[in-house]
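A.B. asks: Fold the following and give me the result.
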Amino acid sequence: MMRIVKGLIKLILLLVPLAVMALGAGMLWASRSQAPSDGAMQIAGLGGEVTITRDVNGVPHIKAATRGDVAAGLGFAHAQDRLWQMEVSRMAGQGRLSELFGGATVSTDIWLRTMAISEAAEASLAVMDADTMVMLEGYARGVNAWIERNPQVFSSRLPPEYVILGYKPEPWRPVDTLTAIKMMSVSLAENLGEEALRLGFHRIGLSEAEIRDLLPYLDVDTPPEMPDLTALLGLDPAPIGEPATTADASAVFDDIDGVLATGASNNWVVSGERTQSGLPIVANDPHLGLMAPSIWYLAHLEVTGEFDEPRRLIGVSLPGTPFVLLGRGNDIAWGFTNTATDAQDVFVERVNPDNPDEYLTPTGWAPFGQKEEVIKVKGGEDQSFTRRWTRHGPVFPATYKHFDRLLPQNTVAALQWVALAHDDTTAMVGPRLYSMRTVEDFQNGFDAFLTPMQSMVVADRSGNIGFVAAGRVPRRDPANRLMGRAPAPGWNAIYDWRGYAPYRDLPRQTNPDSGLIATANTKIVGPEYPLHLTFDWEEPYRQNRIETLFNGSGEKHTPAMSRQMQADIFSPAFASLKPRMLKALEGKSLSQDNQALVARLASWDETMARDKMEPLLFMAWVRHTMMMTFEDDLGFMFRDWFKIRGKVVERLLDGQTARNWCDVKSTTDEESCEQIVTDAFGAAVAELSERYGEDPGTWRWGQAHYAKGAHRPFGEVSLLRRFFNVEVESGGGPFTLDRGRTQVQDDKDPYANTNAASYRGIFDMADLDRSTYIQTTGQSGNVFSGHYNDFAPIWADVNSIEIPATDVADPVGVWSLSPG
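C.D. replies: Okay, here's the model as predicted:
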């Protein structure tokens, strides 16, 4: 027996070191999937030499004679650092995520395949001009050169994600780049959600005034009264009852709803008359969903041979595309915010009861477009469904946004959306940026930009400042009183789009007398502007804060002051709500501990600082107030509507609503808002005590409001999350300039920062080489790289790096590409 025991011990002593050595060897093999610092490669199709010089921050400085070869260099660098990210974007656009991730993404694929994004990208290839095609083909050439290389000894050819999932990438094609651009447009979609909400609120029996309580318009807007949707769409006149059999059905589309309508942003340009340097300053921080790696990749591109002098672009690129989308050139600097124009309309299509393959048009029955789609599922059986479309666009999956429950029998919902255009020329702006020298060049050169509509500020070195909102704007019939606010009857021609507004008629401004142009997703035009853009503007808190900071300062503006504004964590919305909320507690019986917490809130300065507890307590208080006020009234529609809505709560507490929303339907007494706010305070304290401990002195906003840069897919795997996610404590909130939006409807993690400044750039036209940049994670998407998350603490502190247009002083490495 002892021999057996001794034998087992020896075997264990032998196997354990071998296992450890094997694990170590595997980790070493995977870690060497990173690109070597230096190298050389011949690539067939290059027109000349390309150099890729990386600086200490991992930013590539790419130099070549032509835009096509610079694009090849950027494709090569993107593939070295972000290949997996590019893969996920491409597969999402094609509706093929389930080939990577299995059954968990089938519903997402169905939605994406239904939208036919890749089909629209394929069609748009035909309208690309020669300069754009050269860059698209060059970029694909660079990406594929890295994919197809002979890897270094004892290393994986592909990043760890490919190895873990056992997947090999297909060659990159020009259409994949157009698909990646389309997916960016998807992430900035607006209005669809509001249309579905208005329909849903109508169907549960709310009046037009009550719907305005929940989805208020700006005070400066006076939209026409909504037509009666019941008569217009042939809805059942009886409101939907309490049972919500499909209440959870839309949850399968959570991944899609998490992508849609997540864009916000700040930008401003201030003229030299108001700056210390005497030339304009531009600042921009687009707010997008946080992810690991960051959505953006910093790059410096230099074309030496096509123009009368070397032309440079420096800023952020989108992996999968060969363009610098935000940043600076030799003579201009620019920034975008999402305009949120209404470029989507939902149409209710009436299905022929005698032939379900037909739907009603203004001229009679017409056949649906139909195609059988097969979704390949890793580790499972193929899933098939029939994709349908009408003259307006794709027909939604039945349960999406509860349309199957909200609409009458024998109807479906279809979407018309600018982003699905088959003649999308947006990519053609990329090559033009190299030759833009003036504000006027910029404003005129964006006529090809179709989607998503962006509010763009720009300055040039001659001292001009300007603005243009570029994008395709649908024109609607004057008799259309819906104006894109709710689903329209597809069989009535009044609601059809009447083409698109000419580019010359889009909002534009040059050198205003005020010396300031700033946008923050709220209304950008005055009452005299003739075109309808949208009625669903964002609440104007950030816009007002920008203007207050500029107009309240008697000093000449500097880049440092722009940085302070980007770091501003004062919440105008909470400053407005706090006295209203505290007033509701007056005279109420509170415990001694809760009285102390109320006193702390009373003395709070309304800044969302990450080391304070007050922002967390107040956010939880508002969250519970909204849940206890509205959830019983809205039922299954509540979750789709629920976010922190400052103006809604202001009107509620001021008693300016069409009904007493605070009355709890399940009780016989009529509750007041004061009572609900009081109960919500207790609920908030109880929740935070459970989550973060009984001692409020240990609560911190930054702990709860960590920036959640989630990796796909390993950010959801508990054992891998700490390695692949990039998470850092952050300040700010949903209404601060340093924005940090939370998913308050997510009971598991309601205060995490999921949407924030994805990039920050500041440009003084007097010294463009001192421009500053930062993105949220790091340059590399390889978890073994030191540049995977090195930007995160810099970003969280609202600091930045510089990327001068000069040669790199102390390069970390140089890659040389030459014609094969």
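A.B. asks: Give me the below-cutoff pLDDT ranges for the stretch 1-150 of the chain.
C.D. replies: Along the stretch 1-150 of the chain, the parts satisfying pLDDT under 70 run over 1-3, 5-32.
A.B. asks: just so I have it, where are all the helices in it?
C.D. replies: Secondary structure of the stretch 1-150 of the chain (DSSP state H, counting those that start in this stretch): helices at 2-31, 67-93, 98-101, 106-115, 117-124, 130-147.
A.B. asks: How about the stretch 551-700 of the chain?
C.D. replies: For the stretch 551-700 of the chain, the helices defined by DSSP H, counting those that start in this stretch cover 559-566, 572-585, 592-603, 614-634, 638-641, 646-653, 673-692.
A.B. asks: can you list the weak-confidence ranges in this structure?
C.D. replies: Along the chain, the model assigns pLDDT under 70 to residues 1-3, 5-32, 154, 242-252, 258-263.
A.B. asks: ok, and the residue nearest in space to the middle of the chain, which helix or strand is that part of?
C.D. replies: Against the mean C-alpha coordinate of the chain, by CA atoms, centre = their mean, the closest residue is residue 288 at 3.4 Å. According to DSSP states H and E, residue 288 maps onto strand 281-289.
A.B. asks: So which elements touch that strand?
C.D. replies: Secondary-structure packing of strand 281-289 (3 or more CB pairs under 8 Å, 6 or more residues apart in numbering; DSSP states H and E): strand 264-270, strand 332-338, strand 454-460, helix 559-566, strand 753-757, strand 759-764. C-beta: built from backbone N, CA, C; applies to glycine.
A.B. asks: Need these in a markdown table (columns: distance to residue 378 and mean neighbour count).
C.D. replies: Output for these, formatted as a markdown table (distance: least, CB to CB, whole Å; neighbours: other CB atoms under 10 Å):
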| stretch | distance to residue 378 | mean neighbour count |
| --- | --- | --- |
| strand 264-270 | 35 | 26 |
| strand 332-338 | 34 | 28 |
| strand 454-460 | 36 | 27 |
| helix 559-566 | 42 | 19 |
| strand 753-757 | 27 | 25 |
| strand 759-764 | 33 | 26 |
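A.B. asks: Turn those into JSON lines, including distance to residue 507.
C.D. replies: As requested, these are exported to JSON lines (distance: least, CB to CB, whole Å):
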{"stretch": "strand 264-270", "distance to residue 507": "14"}
{"stretch": "strand 332-338", "distance to residue 507": "12"}
{"stretch": "strand 454-460", "distance to residue 507": "8"}
{"stretch": "helix 559-566", "distance to residue 507": "23"}
{"stretch": "strand 753-757", "distance to residue 507": "24"}
{"stretch": "strand 759-764", "distance to residue 507": "22"}
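A.B. asks: Tell me which of those sits nearest to residue 150.
C.D. replies: Nearest to residue 150, of all the helices and strands packed on strand 281-289, is strand 759-764, at 34.9 Å by CB to CB.
A.B. asks: Let me see the ranges of the strands in the stretch 151-300 of the chain.
C.D. replies: Assigned by DSSP state E, counting those that start in this stretch, the stretch 151-300 of the chain shows strands spanning 264-270, 281-289, 291-292, 297-303.
A.B. asks: May I have the strands that pair with the first one, each with its orientation?
C.D. replies: Which is strand 264-270. Note on strand 264-270: by DSSP bridges, its sheet partners are strand 281-289 (antiparallel), strand 516-519 (antiparallel).
A.B. asks: Extract the C-alpha set from it and format it as PDB.
C.D. replies: Extracted C-alpha coordinates of strand 264-270, given in PDB (Å, rounded to 0.1, in the frame of the first residue of the first chain):
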ATOM      1  CA  ALA A 264     -24.300  62.000 -26.900                       C
ATOM      2  CA  SER A 265     -21.300  64.500 -26.900                       C
ATOM      3  CA  ASN A 266     -20.000  68.000 -26.300                       C
ATOM      4  CA  ASN A 267     -18.100  70.200 -28.600                       C
ATOM      5  CA  TRP A 268     -17.300  73.900 -28.900                       C
ATOM      6  CA  VAL A 269     -15.200  76.200 -30.900                       C
ATOM      7  CA  VAL A 270     -14.300  79.700 -29.600                       C
END
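A.B. asks: Now tell me what touches that strand from outside.
C.D. replies: Strand 264-270 is contacted from outside by 280-287, 335-338, 455-459, 465-467, 515-521, 538, 542, 546, 550, 557, 562, 565-566, 737, 739, 741, 755, using CB atoms under 8 Å, 6 or more residues apart in numbering.
A.B. asks: and residue 798, which of the helices of the stretch 551-700 of the chain is closest to it?
C.D. replies: Between those, helix 559-566 lies closest to residue 798; by CB to CB that is 6.0 Å.
A.B. asks: rewinding a little: let me have the strands paired with strand 264-270 in a markdown table, adding distance to residue 320 as columns.
C.D. replies: Listed next are those as a markdown table, based on distance: least, CB to CB, whole Å:
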| stretch | distance to residue 320 |
| --- | --- |
| strand 281-289 | 15 |
| strand 516-519 | 26 |
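A.B. asks: Quick check: which of the ones you listed is nearest to residue 644?
C.D. replies: Across the strands paired with strand 264-270, residue 644 has its closest neighbour in strand 281-289 (14.7 Å, CB to CB).
A.B. asks: hmm, who's touching stretch 138-151?
C.D. replies: Residues outside stretch 138-151 that contact it (CB under 8 Å, 6+ apart) are 33, 35, 41, 43-46, 67-80, 83, 86, 157, 169, 171-174, 176-177, 321-322, 817.
A.B. asks: Okay, buried residues for it please.
C.D. replies: By neighbour count on 16 or more other CB atoms under 10 Å, the buried set for stretch 138-151 is 138, 139, 140, 141, 142, 143, 144, 145, 146, 147, 149.
A.B. asks: can you redo those as TSV with distance to residue 51?
C.D. replies: Putting these into TSV (distance: CB to CB, whole Å) gives the following:
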residue	distance to residue 51
138	15
139	17
140	20
141	16
142	13
143	18
144	19
145	15
146	15
147	21
149	17
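A.B. asks: And those residues, which is closest to residue 225?
C.D. replies: Within the buried residues of stretch 138-151, distances to residue 225 taken as CB to CB reach their minimum at residue 139, with 50.4 Å.
A.B. asks: rewinding a little: partner residues bridging the residue nearest to the centre of the chain?
C.D. replies: Applying DSSP bridges to residue 288 gives these bridge partners: residue 756.
A.B. asks: My guess is it contacts residue 754. True?
C.D. replies: No. Counting by CB atoms under 8 Å, residue 288 sits too far from residue 754 to count as a contact (10.1 Å).
A.B. asks: State the number of residues packed around residue 396.
C.D. replies: 22 (other CB atoms under 10 Å).
A.B. asks: What of the one 10 residues further on?
C.D. replies: The burial metric for residue 406, expressed as a neighbour count using other CB under 10 Å, is 25.
A.B. asks: Likewise for residue 36?
C.D. replies: Using other CB under 10 Å, the number of residues around residue 36 comes to 12.
A.B. asks: Going forward, the N-terminal residue is numbered 19.
C.D. replies: Yes, from this point I'll number from 19; that puts the last item at residue 54.
A.B. asks: For it, which residues are in contact?
C.D. replies: 170, 831.
A.B. asks: on that earlier part again, residue 323: which of the strands paired with strand 282-288 is closest?
C.D. replies: Taking the strands paired with strand 282-288 one by one with CB to CB, strand 299-307 is closest: 28.4 Å.
A.B. asks: Please state the offset of that closest one from the chain centre?
C.D. replies: 12 Å (CA atoms, centre = their mean, to the nearest Å).
A.B. asks: okay, the helices of the stretch 569-718 of the chain in a markdown table with distance to residue 398 next?
C.D. replies: Converted to a markdown table, the helices of the stretch 569-718 of the chain look like this (distance: least, CB to CB, whole Å):
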| stretch | distance to residue 398 |
| --- | --- |
| helix 577-584 | 46 |
| helix 590-603 | 46 |
| helix 610-621 | 51 |
| helix 632-652 | 36 |
| helix 656-659 | 28 |
| helix 664-671 | 43 |
| helix 691-710 | 36 |
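A.B. asks: Alright, that wraps it up for me.
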